[in-house]
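Novice: predicted model follows, preceded by the sequence.
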Protein chains: 2
Amino acid sequence: MTSERGVDVVAAAAAAAVKEIPDLAVELVGDPAVLQPQLSKVDGLGRLTLHPAGQVIGMDEEPGQAFRAKKDASVSVAMRLVKDGSAQAAVSPGNTGASTIAATLVLGRLEGVRKPAILFTVPHGHGHTCVLDGGAIVDGKPEDLLLSGIMGSLYVQEILGQANPRVGLLSIGEEEIKGNEQSLAAFPLLKQSGLNFIGNIEGRDLFKGHCEVAVCDGFVGNIVMKTAEGLASMINAEIEKSIRRGNFLVKLGGLLVKPAFADFKRRINKDEYGGAVLLGVDGICIISHGSANQTALKNALRLACNCVRQDLTRKLRGKIGLQLPTASN
Amino acid sequence: MTSERGVDVVAAAAAAAVKEIPDLAVELVGDPAVLQPQLSKVDGLGRLTLHPAGQVIGMDEEPGQAFRAKKDASVSVAMRLVKDGSAQAAVSPGNTGASTIAATLVLGRLEGVRKPAILFTVPHGHGHTCVLDGGAIVDGKPEDLLLSGIMGSLYVQEILGQANPRVGLLSIGEEEIKGNEQSLAAFPLLKQSGLNFIGNIEGRDLFKGHCEVAVCDGFVGNIVMKTAEGLASMINAEIEKSIRRGNFLVKLGGLLVKPAFADFKRRINKDEYGGAVLLGVDGICIISHGSANQTALKNALRLACNCVRQDLTRKLRGKIGLQLPTASN
């Protein structure tokens, strides 16, 4: 209900996802009068159903107030389906604040978690850097940055299978003395944490693969995420425009290089991920943009499936608190 | 002296700049024993000289302390050359904090300026967006964001010649209620300012040309600047790698598309600008990266020349305070 692209795009994305992923079933949560006509138009292979919810939280609503006022909001109903076990994961393409609050209050937090964090990825030359937080914790405390480091590190170890992940603190200079009040206070916490902390990193280092996990406040992380998406989209569009406007030889060249660019273009395309993982809640929740298109939504469903298959929640449960300093427990 | 690339790169950049720009003369400020041998190696056309300075502020030094302790630091000496009129502009490829403090305390601030701000640009499909602050004002007050909006707006009008520039506040959602404490407090100040304020913008909007000026805290802006630089460099490198690794047809295609990409690649290349303008000081100061290469340094010198030709300081003088609310004056 919260997609800015319309319910038809969501129904088409769900239909595409069940076709690609054999054991996936999707429940669309929202107003049956709106959803049913769209569902009838797509071939859901019998694995596409709807679950009624009478209310919607809009992009312009204050998340906390809206969550409390609208008990029957689609995002809250979706989280309750995960809580009661009738769904294994929720995918929310709407108000990030409302999705985070609904997930936190309905699913509950894992032990040791003060606030859940959003993990998103940016590409580098030979893989991806995990960045958190992507917008759940704005004006966070230094301890929230430590927690992001711990959760990101666990995610890389347990889900991506990479031992001893390097953790960097996103700042405005490599030197320990550079940063803002928040990052300067988080630095010693990360240094003493037992994580494989490599110190401050700068924006450009995200694209060099210097560390597997980059930690920052949700305000900064959300802007970094959208800056990277916006620039990559603009560059893609400009490359295509340059070829389209070129003479015959340029157009021919464009055709010839196309296969070589395919893999790389796929890697920098934001729609390839489609969503970010909310870490620290007791259940699986994928946060997608309100503006996510059909490909992005389909891939957000795929990401949710992967987290379920990897048993994300069980793998994090009980491990976060162990890495926090005793005083914070 | 502060370049991480070495004095030879700085000397070569200065030599290249005087060759390209007929009426430019460059004074390299620093240790004669280090600079003279490099100067002798390049052809400065008689317009490349050195000015002695006995100290250097390193990247890892606390800027305020270092500025006070090292009276003969190259950055301070360079600013004094501007202050006393023997130079028309300073270009500093070093510690951003130290450059900002030296410029502020030696040149002084323009009327109405609490703290100067760094203006940098990011490319969009049909031009550039000016973003400030790029790292001079970290943990700034809401009033600093208003001042950045005023100075950026004046720069676009007076230097780029575009009337009524649109000003956006960089945040994590378009809605007025979205942001962090700092941006939420800055929003009403910008709204009531008389600037052509279009409200919140998101990271991706920087690359869409939705506004001519984007305003943010220096911590956020510095990370955005380096994120954009890092991603653009990575994409350039990956495109070249894809072509290099491709078969004969891909390599041929690469040759054919190359001329069509040239203009675009130039626009997204960070070295094309080479520096950012420090606005709000009473003199012209260009801040460049410590890691700036020869092309970047040459273009930073070119940017300095343009600001001198455009008479930047005179055009801003007396106009900033007029746009501030009376209470802040």
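Specialist: Yes, it's here.
Novice: shouldn't A:E20 be in contact with A:T295?
Specialist: No: with contact defined as Cβ atoms under 8 Å, A:E20 does not count as touching A:T295 (11.3 Å). Quick note: C-beta positions are derived from backbone N, CA and C, even for glycine.
Novice: shared neighbours, those two?
Specialist: Common neighbours of A:E20 and A:T295, using Cβ atoms under 8 Å, 6 or more residues apart in numbering or on different chains, do not exist here.
Novice: which of the two has more neighbours?
Specialist: Neighbours around A:E20 and A:T295, counted as other Cβ atoms under 10 Å in any protein chain shown, are more numerous at A:T295. The numbers are 16 against 13.
Novice: is it true that the more buried one touches A:Y273?
Specialist: No: the criterion here is Cβ under 8 Å, and A:T295 misses it with A:Y273 at 10.3 Å.
Novice: the strands in the stretch 1-150 of chain A, which residues?
Specialist: For the stretch 1-150 of chain A, applying DSSP state E, counting those that start in this stretch gives strands covering A:26-30, A:48-52, A:89-92, A:117-124, A:127-132.
Novice: distance to A:V42 added to those strands, as a markdown table?
Specialist: Formatted as a markdown table, the strands of the stretch 1-150 of chain A follow (distance: least, Cβ to Cβ, whole Å):
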| stretch | distance to A:V42 |
| --- | --- |
| strand A:26-30 | 10 |
| strand A:48-52 | 7 |
| strand A:89-92 | 17 |
| strand A:117-124 | 28 |
| strand A:127-132 | 31 |
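Novice: so which of these comes closest to A:G209?
Specialist: Nearest to A:G209 among these is strand A:117-124 (4.1 Å), distances taken as Cβ to Cβ.
Novice: can you give the distance of the closest one from its chain's centre?
Specialist: Taking Cα atoms, centre = their mean, to the nearest Å, the mean C-alpha location of strand A:117-124 is offset from the chain mean by 7 Å.
Novice: cool, stretch A:313-320 as well?
Specialist: 18 Å.
Novice: contacts for that stretch, please.
Specialist: Contacts of stretch A:313-320 (Cβ under 8 Å, 6+ apart): A:110-113, A:147, A:150-151, A:154-155, A:158-159, A:279-280, A:282-284.
Novice: if we use 6 Å, what do you get?
Specialist: Stretch A:313-320 is contacted by residues A:110, A:112-113, A:150, A:154, A:158, A:283 when judged by Cβ atoms under 6 Å, 6 or more residues apart in numbering or on different chains.
Novice: just stretch A:250-257 next, same as before
Specialist: With contact meaning Cβ under 6 Å, 6+ apart, stretch A:250-257 is reached by A:243, B:249-250, B:252-254, B:256-257, B:260.
Novice: pull out the buried residues from the one helix or strand in chain A whose mean pLDDT sits lowest.
Specialist: Least confident helix or strand of chain A, by mean pLDDT, DSSP states H and E, is helix A:320-323 with a mean of 81. Using 16 or more other Cβ atoms under 10 Å in any protein chain shown as the test for burial, helix A:320-323 gives A:320, A:323.
Novice: try stretch A:17-32
Specialist: A:17-18, A:21, A:24-31.
Novice: how about the residues of the stretch 101-250 of chain A that lie near chain B?
Specialist: Neighbours of chain B within the stretch 101-250 of chain A, by Cβ under 6 Å from any Cβ of the partner chain: A:135, A:138-139, A:172, A:175, A:177, A:180-181, A:202-204, A:207, A:219-220, A:222-224, A:226-231, A:234-235, A:238, A:242, A:246, A:249-250.
Novice: show me the residue sitting in the middle of chain A in space.
Specialist: Central residue of chain A (Cα atoms, centre = their mean): A:A276, 0.8 Å from the mean position.
Novice: that one contacts A:I287, doesn't it?
Specialist: Yes: the pair A:A276 / A:I287 is scored as a contact, 5.1 Å apart, by Cβ atoms under 6 Å.
Novice: for chain A, which helix is longest?
Specialist: helix A:218-245 (DSSP state H).
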